[in-house]
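Novice: Below is the sequence, then the predicted model.
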Amino acid sequence: MAALTLVLMGGCNFFYEAFDESFDSDLVHEILGVILFVLWVTHLVVNRAWIKGLLNGKYNALRIVRTVINGGVVLCVLFLMISGVILSNHVFAWIGIESCTSFARTSHLLASHWYLIFVSLHIGLHLSLFVRGKVAMGVVSALGVYGIYAFIERGLWKYMTLQQPFYALDLEHGYLLFTLDYIAIMALFAVSMQLVMQALNRYFYIRNA
């Protein structure tokens, strides 16, 4: 799903510019968006125990952080799907929604960038499952440090605060660098989240010892 997210952030436009104008990037974007939504629904069904347990038990800082991050992902996915349906020119064009397109476009832009951050934080909650060994973690951490520069240079904070009203895909230096920058941004927030969780775990361990 993380790889599909990167493709949706710019890959479709890359293929449009690199190959042929007959390549319908909007259609591919819509199809991949639907696939991503189905994957998230499947993910939630598989992990439905988390949803059932939301109202059970006590909430400490660790559980609050996990709930906010997971809730943020779900909320962004819903906004992306709803706004995507409204903006659809292919897959859902038969619905015929012609109003609220301006709001939907703004919502899609805002939700997509917050989604990237929340997904990265979500990965950070389980980073030790994906990255094993000190060398691998060192590489991911170094990538995360570069992610600070990429986050600022790519102007993600502008999209997240609606200071950038439209999506400007910058492929001036090639799609490979674009992908590397976004992977680094994801690594930045994933590693940061892991450090936060380690600090909280250590705090509660010492507190309860």
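Specialist: On my side now, so go ahead.
Novice: Packing partners of the strand or helix carrying Phe37?
Specialist: Taking DSSP states H and E as the criterion, Phe37 maps to helix 25-46. Helices and strands touching helix 25-46, by 3 or more C-beta pairs under 8 Å, 6 or more residues apart in numbering; DSSP states H and E, are helix 2-6, helix 12-18, helix 61-87. (Each C-beta comes from the backbone N, C-alpha and C, glycine too.)
Novice: just for the chain, where's the confidence low?
Specialist: Scanning the chain for pLDDT under 70 picks out 11-24, 169-171, 209.
Novice: Buried ones in the longest helix along it, by neighbour count?
Specialist: Ranked by residue count under DSSP state H, the longest helix found in the chain is helix 175-208. When burial is assessed from 16 or more other C-beta atoms under 10 Å, helix 175-208 yields the following buried residues: 175, 178-194, 196-197.
Novice: Any idea how far it is from the middle of the chain?
Specialist: Computed by C-alpha atoms, centre = their mean, to the nearest Å, the chain-centroid distance of helix 175-208 equals 14 Å.
Novice: For Phe166, grab phi and psi.
Specialist: Reported as degrees, to the nearest 10, the phi and psi values for Phe166 are phi -140, psi 160.
Novice: again, but for Cys100
Specialist: phi 70, psi 20.
Novice: Pretty sure it sits against Ile82.
Specialist: No. Applying C-beta atoms under 8 Å as the test, Cys100 and Ile82 come out as separate, 9.7 Å apart.
Novice: tell me which element the most centrally placed residue in the chain is part of?
Specialist: In the chain, the C-alpha nearest the mean C-alpha coordinate belongs to Leu116, at 2.1 Å (C-alpha atoms, centre = their mean). Here Leu116, judged by DSSP H and E, is contained in helix 101-125.
Novice: Now do the SS call for Gln163.
Specialist: Assigned with DSSP: H, G, I helix; E, B strand; the rest coil, Gln163 falls in the coil class.
Novice: mind listing what it touches?
Specialist: Counting by C-beta atoms under 8 Å, 6 or more residues apart in numbering, Gln163 touches Trp157.
Novice: what's around Cys100, how many residues?
Specialist: Per other C-beta atoms under 10 Å, the neighbour tally for Cys100 reads 13.
Novice: who are the neighbours in contact with it?
Specialist: By C-beta under 8 Å, 6+ apart, the contact list for Cys100 reads Ile86.
Novice: Phi, psi for Ser99 please.
Specialist: When quoted as degrees, to the nearest 10, the phi and psi of Ser99 stand at phi -100, psi 170.
Novice: before we move on, the earlier item: so the residue nearest to the centre of the chain makes contact with Gly10?
Specialist: No. The pair Leu116 and Gly10 does not pass the contact test of C-beta under 8 Å, sitting 11.3 Å apart.
Novice: Now for those two: what residues contact both?
Specialist: Common neighbours of Leu116 and Gly10 (C-beta under 8 Å, 6+ apart) are Tyr182.
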